[in-house]
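1. sequence first, predicted model second:
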There are 2 protein chains.
Amino acid sequence: MRPVHARGEETRQSILEAAESIFADIGYGAARLDQVAQAVGIRRPSILYYFASKQDLYDAVEADIFASMHAFAQERIQGVTDPLDRLLALLDAWLDFNVARPSAARIIQRLVADAATPRRNNPTEFSFSALEDIEAVFADGVRAGAFRPLSPMLFLNGVAGSVLFYVCNSGQLGDTRRYDPADPAELARFRALLHLLARTAVRPG
Amino acid sequence: MRPVHARGEETRQSILEAAESIFADIGYGAARLDQVAQAVGIRRPSILYYFASKQDLYDAVEADIFASMHAFAQERIQGVTDPLDRLLALLDAWLDFNVARPSAARIIQRLVADAATPRRNNPTEFSFSALEDIEAVFADGVRAGAFRPLSPMLFLNGVAGSVLFYVCNSGQLGDTRRYDPADPAELARFRALLHLLARTAVRPG
DNA sequence: ATTATCTATAGATCTATAGATAATGC
DNA sequence: ATTATCTATAGATCTATAGATAATGC
C-alpha cells in the first residue's frame, strides 16, 4: 500500500525507521509488530495497512538499506579513476554509511549469519548491488594491472567485512572495551587500519 | 538438571547439538523448542527436563562454544614462543575451529549483531575467554617489541572477525559465488590472506 | 469520497508446568 | 526407587483480518 497523502507517507517512513532499529537490535524472529507500533505511536494493525505482512516490512527495510548504501557508494566513487583510490573510496563509503546508520550494519551482520535464508529464497535479492559494486571495482583494478588477481569475495570476507565488526562490536566487548564508532579519533584509527589492509590485500607481486 | 545415567547424558548432548544448529541457522528469537525436540526425536517438554528454560538452553550452547574454542586455541598456542607465530597460531585455531563447527561461527556472528544483548545483561559472559586470549597474545607481542602498539580490539575487528565472514558467507553470496569453506584449496587461500593481513596489521614502524 | 487509523477478534502459535507413565539400575 | 519421557493443558503470546470510525482533500 503506497500512501497518497503526506501524512500517510510520514507514517510509512516512521514505521520503516522503527522497524529497522528493532530488526537490527533483536532480529526478525524476535521482533514484534507491537514493538514497532509502540515506537511509532500507532496501533499494530495500522502497520499492516502499509505493509502486507511482517515479512513484507522486513523486505522493505532491507531493500532500503542496500539501495541507500549503493547510491551513497556510487556518489563517492564516481569520478575517481585510479583503481586503488576507487577501492578505498568504496570502502570509505561503506564505512561512513554504516557508522552513520548502525542499524543497517546490524541487519547486514545478521544477514551474513542467516543460513540458507529461511525467510526468503534468494539471499542476494537485495544485497546484490553491494556485491556487484565491489566486483566492478575489482575487475577494473585487475584489468589495469593495479591489483593482483584476488577473488573479490575473498577480499570482501577478509577486509570489507571488518567494517560491520567495527560498528556492531562497539558495545559487545564489555564495559572496559566499549568505544564509540562515530568518535572521529576512533574512526580515523580504524580507517587507517582498513586502508592499510586493503592496500596490502590487493598489492601485486 | 544434570543427567545421571548414560542415556540421559546422551539425550542432553543431542539437545545441545540440535539447539546449536537451530539457534545458529535462524537465531534465538525465531528458534522454537519444538524444532529442537523434533530434531532430537523427543517431545518438547523433555527439553525442559534438562534445561530449565529456552534461555538456559541457549546459554548452555553459547558457553560450550566459547569453552571449546578457548581449549582448542590454548592447545594450539602452547609452546609457541615467538609473538607473531603465537598470533598466527591463535588465528589459525579460530579459523580451524569455526570451519569445523560452522554453527559456532553463525552464533558468534549473531552475538556481534545483538545490540545491548536483550537476552542477557553481560555480553561477554561467555565470550570473555576469546577476548582475553587475544589480549594476552597481543600484550606479549607489544612487550617484546615485535608488534606495534595496536589496540587488540582494533585487530579483532579488523582482522580476526574475517574468520566468521569466511565461514558464514559461503552460501550467502548467491549461487555463482558459492564456495565450500572447508575445501582445502579454498581454505588455504583464505588462510594465506589472513596471515598476510595479520602480519601487516601488527608490523612495527 | 477517499485515505488513514482504530477496536475487536479469529486462529494459530509458543513456553512452561502438572502430573502420569515408562524405562533403568541397584 | 529413581531417572527419563510423555500427555494434557494453562496462560500468554503473535500475526493477520474484518469492519467501524475518524481525518483529509477535492
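-> Yep, that arrived. Numbers count the residues shown, from 1 in each chain, chains lettered A, B, ... in the order given.
2. now do the SS call for the residue of chain A found nearest DNA strand C.
-> Going by C-beta to the nearest atom of the strand, DNA strand C is nearest to residue A:8 of chain A, at 2.1 Å. C-beta coordinates here come from the backbone N, C-alpha and C atoms, glycine included. Put simply, residue A:8 is helix when judged by DSSP: H, G, I helix; E, B strand; the rest coil.
3. ok, and the closest non-adjacent residue to it?
-> Once its chain neighbours are removed from consideration, residue A:8 has its nearest residue in residue A:50; the separation is 7.8 Å (C-beta to C-beta, 6 or more residues apart in numbering or on different chains).
4. which residues does the lengthiest helix in chain A contact?
-> With secondary structure taken from DSSP state H, chain A has its longest helix at helix A:54-77. Residues outside helix A:54-77 that contact it (C-beta atoms under 8 Å, 6 or more residues apart in numbering or on different chains) are A:15-16, A:19-20, A:23, A:28, A:31, A:33, A:36, A:47, A:51, A:86, A:89-90, A:92-94, A:96-98, A:101, A:104, A:107-108, A:111, A:119-120, A:125-130, A:133, A:137.
5. now, of these, which are buried?
-> A:15-16, A:19-20, A:23, A:28, A:31, A:33, A:36, A:47, A:51, A:86, A:89-90, A:92-94, A:96-98, A:101, A:104, A:107-108, A:111, A:119, A:126-127, A:130, A:133, A:137 (16 or more other C-beta atoms under 10 Å in any protein chain shown).
6. on that earlier part again, doesn't residue A:10 make contact with the residue nearest to residue A:8?
-> No - because the distance of 11.1 Å does not satisfy C-beta atoms under 8 Å, residue A:50 is recorded as not touching residue A:10.
7. circling back: can you tell me which of the contacts of helix A:54-77 are up against DNA strand D?
-> When those are filtered against DNA strand D using C-beta under 7 Å from any atom of the strand, the residues retained are A:31, A:33.
8. which of the contacts of helix A:54-77 come close to chain B?
-> Taking C-beta under 8 Å from any C-beta of the partner chain, the overlap between the contacts of helix A:54-77 and the neighbourhood of chain B is A:28, A:31, A:107, A:111, A:128.
9. if we can go back for a sec, the buried ones among the contacts of helix A:54-77 in helices, which ones?
-> Among these, the members found in helices (DSSP H) are A:15-16, A:19-20, A:23, A:33, A:36, A:47, A:86, A:89-90, A:92-94, A:96-98, A:104, A:107-108, A:111, A:130, A:133, A:137.
10. more neighbours, residue A:50 and residue A:10?
-> Higher neighbour count among residue A:50 and residue A:10: residue A:50, with 21 against 11, using other C-beta atoms under 10 Å in any protein chain shown.
11. quick check: residues of chain A near DNA strand D?
-> Proximity of chain A to DNA strand D (C-beta under 7 Å from any atom of the strand) is limited to residues A:5-7, A:31-34, A:44-45, A:48, A:52-55.
12. and those residues, which are buried?
-> A:31, A:33, A:54.
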